[in-house]
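A.B. asks: my questions are about this predicted structure, shown below with the sequence.
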Amino acid sequence: MVTTIVAAVFVLGFLILFHELGHFLVAKRAGVGVLKFSIGFGPKIVGKQIGQTEYVISAIPLGGYVKMVGEDPEEEVAPADRDIAFQTQSIWTRMAIVLAGPGANLLFAAIAFSLVFMVYGARIPTEVAKVGGVMENMPAAAAGLKADDVITAVDGAPVSQWDRLSELIRGSGGKPLQLTVSRDGGSFDLSVTPEARPDKNIFGETVGTAYVIGIERGFDKQDVGVLEGAAMGVQQTGWWIETLFVSLVKMVQGRIPRDQIGGPILIAQAAGQQARLGLEYLLHFMAVISVNLGVLNLLPIPILDGGHLLFFAAEAILRRPLDTRHREIAQQVGLVLLIALMAFAFYNDILRVVQGWG
């Protein structure tokens, strides 16, 4: 429990810090005054005034914000502050400041993925019939299979490739299989009966039914150089961005079950699990969550960064800011949508916890 809490606070706190740092640095670079830099919302826990900016840690650790001079379009700006006010900057400068938050999250993801590749190497799916992991409460676990076991035969027929092993299990029709297993220099047979389970793709869509025993494919490590690791980190970030956008489209289309949506509790649980597995897994997890934060913040929902960019785009087209009343209505709708989504994510989280107790 302690590991989970510490890992969750570290992961969320660090990623929020990186996001807000993007806004902050670009605003300062553009000469915009920053009044407050806060990690968290709500009442201040601790803070320190340095120059014009108050740096704060607040009570609700579900986000953060950078408060700039003249940020509110309706705010009256003193003549002395006009040059450092957000609202008096060019539309491109304002867009750059807003875009910098999600951009920082995507940059961190690329750095973290790259570090994982450079330090720990690339994980290449093994071609041999080697077990990478065994799922709890599945036939393989019940039969006694363990990670790193190598399956050499099925029903007496030699097997050397993972794809062939998978084909035999999936095509078993649920009949018991006799597996010959190589472990620690020895060899033995065991019986396992595949179970019919929904066959899901990486998006969680059910694409059919498959017979499985609950084993994961093993991986081989491949050393990666600095430049190659950096290139693979950027490529991995791009893959996750594309996958997340596709997932969002499928979710809107109703092709992905809504119970797949998770909130802070799920993130906290996953952070704790990854922290216990080691720094490699924790860094990878942080990179994936960072991509999620970056992409979700770019959604054109008023109140999120993407909503602000939408307003700026409308301003660029109309050559004038949107009407205040229209902007307020859009922000209220966006706030309701965001609260509803968070409530739904919390509901799913709590349901998972309760079902786990059962």
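C.D. replies: Ah, there it is.
A.B. asks: which helices and strands does the helix or strand encompassing residue 23 pack with?
C.D. replies: Secondary structure here is read from DSSP states H and E; on that basis residue 23 sits in helix 2-29. Taking 3 or more CB pairs under 8 Å, 6 or more residues apart in numbering; DSSP states H and E as the contact definition, the neighbouring helices and strands of helix 2-29 are strand 34-50, strand 53-68, helix 91-120, helix 264-277, helix 279-297. To be clear about C-beta, it is placed using only N, CA and C from the backbone, and glycine gets the same treatment.
A.B. asks: give me the residues contacting the helix or strand following the longest one.
C.D. replies: Read that as helix 91-120. On the C-terminal side of helix 91-120, the nearest following helix or strand under DSSP H and E is strand 122-125. Taking contacts as CB atoms under 8 Å, 6 or more residues apart in numbering, the residues outside strand 122-125 that touch it are 162, 217, 218, 219, 220, 221, 222, 224, 232.
A.B. asks: and of the residues you listed, the nearest to residue 173?
C.D. replies: If you rank those by distance to residue 173 using CB to CB, residue 162 comes first, at 20.4 Å.
A.B. asks: quick one, what contacts that closest one?
C.D. replies: Residues in contact with residue 162, defined by CB under 8 Å, 6+ apart, are 125, 126, 127, 128, 129, 130, 217, 218.
A.B. asks: burial of the last one, as a residue count?
C.D. replies: By the other CB atoms under 10 Å criterion, the neighbourhood of residue 218 contains 20 residues.
A.B. asks: contacts only, for it.
C.D. replies: For residue 218, the contact set (CB under 8 Å, 6+ apart) comprises 125, 126, 128, 130, 131, 132, 147, 148, 162.
A.B. asks: redo those residues as CSV? Include pLDDT.
C.D. replies: Conversion of the contacts of residue 218 to CSV gives the following (pLDDT from 0 to 100):
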residue, pLDDT
125, 83
126, 84
128, 88
130, 90
131, 91
132, 87
147, 89
148, 89
162, 91
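A.B. asks: just the buried members of these?
C.D. replies: Neighbour-count burial (16 or more other CB atoms under 10 Å) applied to the contacts of residue 218 gives 126, 130, 131, 132, 162.
A.B. asks: how near is residue 187 to residue 153?
C.D. replies: Counting by CB to CB, to the nearest Å, the separation of residue 187 from residue 153 is 9 Å.
A.B. asks: compare these two (neighbour count), which wins?
C.D. replies: A side-by-side neighbour count of residue 187 and residue 153, using other CB under 10 Å, places residue 153 first with 18 against 12.
A.B. asks: secondary structure element for that one?
C.D. replies: With DSSP H and E as the test, residue 153 turns up in strand 150-154.
A.B. asks: then residue 344?
C.D. replies: The secondary structure element spanning residue 344 is helix 324-357 (assigned by DSSP H and E).
A.B. asks: the nearest residue to residue 52 once chain neighbours are set aside - how many residues pack around it?
C.D. replies: With CB to CB, 6 or more residues apart in numbering as the criterion, residue 52 has its nearest non-adjacent residue at 5.7 Å, and that residue is residue 33. Taking other CB under 10 Å as the neighbour definition, residue 33 ends up with a count of 19.
A.B. asks: close enough to count as contact, residue 338 and residue 304?
C.D. replies: Yes. Under the criterion of CB atoms under 8 Å, residue 338 is in contact with residue 304, at a separation of 7.3 Å.
A.B. asks: quick one, which of those two is more surrounded?
C.D. replies: Each of residue 338 and residue 304 had its neighbours counted (other CB under 10 Å), and the higher figure belongs to residue 304 (20 against 16).
A.B. asks: need the contact list for the more buried one.
C.D. replies: Residue 304 makes contact with 296, 297, 298, 334, 338, according to CB under 8 Å, 6+ apart.
A.B. asks: okay, and the beta partners of it?
C.D. replies: Residues found in beta-bridge contact with residue 304 (criterion: DSSP bridges) are residue 302.
A.B. asks: picking that back up, the residue nearest to residue 52: what's it in contact with?
C.D. replies: 52, 68, 69, 70, 81, 84, 85.
A.B. asks: list only buried entries from these.
C.D. replies: 68, 69, 70, 84, 85.
A.B. asks: export those as a markdown table, with columns for distance to residue 328 and pLDDT.
C.D. replies: Compiled in a markdown table, the buried ones among the contacts of residue 33 are given as follows (distance: CB to CB, whole Å; pLDDT from 0 to 100):
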| residue | distance to residue 328 | pLDDT |
| --- | --- | --- |
| 68 | 19 | 94 |
| 69 | 21 | 93 |
| 70 | 18 | 89 |
| 84 | 25 | 93 |
| 85 | 20 | 94 |
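A.B. asks: among the residues you listed, which one lies nearest to residue 143?
C.D. replies: Lowest distance from residue 143 to the buried ones among the contacts of residue 33 (CB to CB) belongs to residue 68, with 61.1 Å.
A.B. asks: the closest residue to that closest one other than its chain neighbours: what's it in contact with?
C.D. replies: Ranked by CB to CB, 6+ apart and with sequence neighbours excluded, the top spatial neighbour of residue 68 is residue 86, at 4.3 Å. By CB under 8 Å, 6+ apart, residue 86 lies in contact with 27, 32, 68, 69, 70, 71, 94, 97.
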